[in-house]
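**Student:** Quick one, fold the following:
(one chain, ligands or ions: 1)
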Amino acid sequence: MHSPLFQLFTDAQASLQGSTLYVVATPIGNLTDIGVRALAVLAAADVVCAEDTRVTGQLLRAYGIHVPTLVSVREHNEREQCQRIMQWLQEGKKVVLVSDAGTPAISDPGARVVQSCHEAGLTVCPIPGPSALTTAVAGAGLQAAQVLFYGFLPPKMVARQKLLQGWQQVDYAVVLYEAPHRIVDCLQDIVTVLGEQRLLVLGRELTKTFETLRRLPAAELLAWVQADSNQQRGECVLIIEQAPPRAQADDGLTAEQQQLLQTLVRAVPTKQAAQLAAELTGVKRKLFYDYALQLKAQDDDAE
Ligand code: SAM
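**Tutor:** Below you'll find the predicted structure:
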């Protein structure tokens, strides 16, 4: 009588097909964060394509898995390796694609191989599992209902600040991957562009021994990271919460908003102009509508 776990493992293996590319997520730190199906696929693979064969070798050894062929598929050789992978798949082999950690093709190589398989009509089977993206979101307690995954920010300040400007008024959260040596600069830019109060979540060394997870306003998080050099090491995910609701000027529109409405009323009917301006700015439609009527009255008086 086999244990239920063993039965699940053998059932998972029995369902595997040849001529299939299995895209398998692997742990982002804690080696035990891997599913039964992912292990079953790795144990049955004819070929495992890894980013760094030493990193994947460690994972395979930890589970006592020996694979017949372990090759490296990295950003710089992904195009050439595609040919070999296609060949193996056409010969009926089970090919597994992994990255060093987490889910392949999420800020990692893999998409090109997957694309080639689709183009060649070969079966692609993704096996879900860890990703720093989903792990950080799960631990963040976000207010935002929607999440944008951006990945790595540009390393240069000007480009980074320009990009951040686009997130000044968003009603979704933005997930970033950041290198530890840039985390302070990145937080500084967030404080400058998005303000001291914008809520952030920092997930560092997730699933590892020195995991930290902090949800703080930007200026406080910056001060906390600056005060502790340990927080400037290891792997980081940074989440920018949605923008706080904008203070509604009940008593009127800003000069910029008035200018916007004046431009719109020249192009479209009053009601539509008010609606568009409200959608563009997040300010109440009625304020724009009343202002449009005011403009109209002024025009009528002038005639
Ligand atoms: N494909 C991976 C995934 O699904 O998460 C991401 C690969 S990307 C090259 C590596 C980046 O992911 C790191 O620089 C860091 O931003 C983030 N990351 C990976 N592991 C992490 C961890 N344990 N804790 C926090 N961030 C992590």
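**Student:** Just the pLDDT at whatever residue of the chain ends up closest to the ligand, thanks.
**Tutor:** Using C-beta to the nearest ligand atom, residue 102 is the residue of the chain that sits closest to the ligand, at 2.5 Å. Heads up, the C-betas are built off the backbone N, CA and C, glycines and all. On the pLDDT scale, residue 102 is placed at 98.
**Student:** Which strand residues bridge it?
**Tutor:** residue 26 (DSSP bridges).
**Student:** That one: what's it in contact with?
**Tutor:** 25, 26, 27, 28, 108, 130, 131, 132, 133 (C-beta atoms under 8 Å, 6 or more residues apart in numbering).
**Student:** any idea how far the fifth one is from residue 177?
**Tutor:** With the distance defined as C-beta to C-beta, to the nearest Å, residue 108 ends up 10 Å from residue 177.
**Student:** Up against the ligand, what does the stretch 151-300 of the chain have?
**Tutor:** Residues of the stretch 151-300 of the chain lying close to the ligand (C-beta under 6 Å from any ligand atom) are 177, 178, 179, 203, 204, 205, 206, 207, 208, 235, 236, 237.
**Student:** what's the lowest-pLDDT member of the contacts of residue 102?
**Tutor:** Ranking the contacts of residue 102 by pLDDT, residue 108 lands last with 94.
**Student:** For that residue, give me its contacts.
**Tutor:** Neighbours of residue 108 in contact, by C-beta under 8 Å, 6+ apart: 51, 99, 100, 102.
**Student:** List buried residues within those residues.
**Tutor:** Among those, those that count as buried by neighbour count (16 or more other C-beta atoms under 10 Å) are 51, 99, 100, 102.
**Student:** any chance of those in TSV, plus distance to residue 156 and secondary structure?
**Tutor:** Below are these laid out as TSV (distance: C-beta to C-beta, whole Å; DSSP: H, G, I helix; E, B strand; the rest coil):
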residue	distance to residue 156	secondary structure
51	26	coil
99	26	coil
100	26	coil
102	26	strand
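**Student:** Mind picking the two most distant members of the residues you listed?
**Tutor:** Pairwise distances across these peak at 10.7 Å for 51 and 102 (criterion: C-beta to C-beta).
**Student:** Report the buried residues of stretch 182-196.
**Tutor:** Taking 16+ other C-beta under 10 Å as the criterion, stretch 182-196 shows 182, 183, 185, 186, 187, 188, 189, 190, 191, 193, 194 as buried.
**Student:** Same question for stretch 217-236.
**Tutor:** Buried-residue list, stretch 217-236, by 16+ other C-beta under 10 Å: 217, 218, 219, 221, 222, 225, 231, 234, 235, 236.
**Student:** Please consider this matter closed, and thank you.
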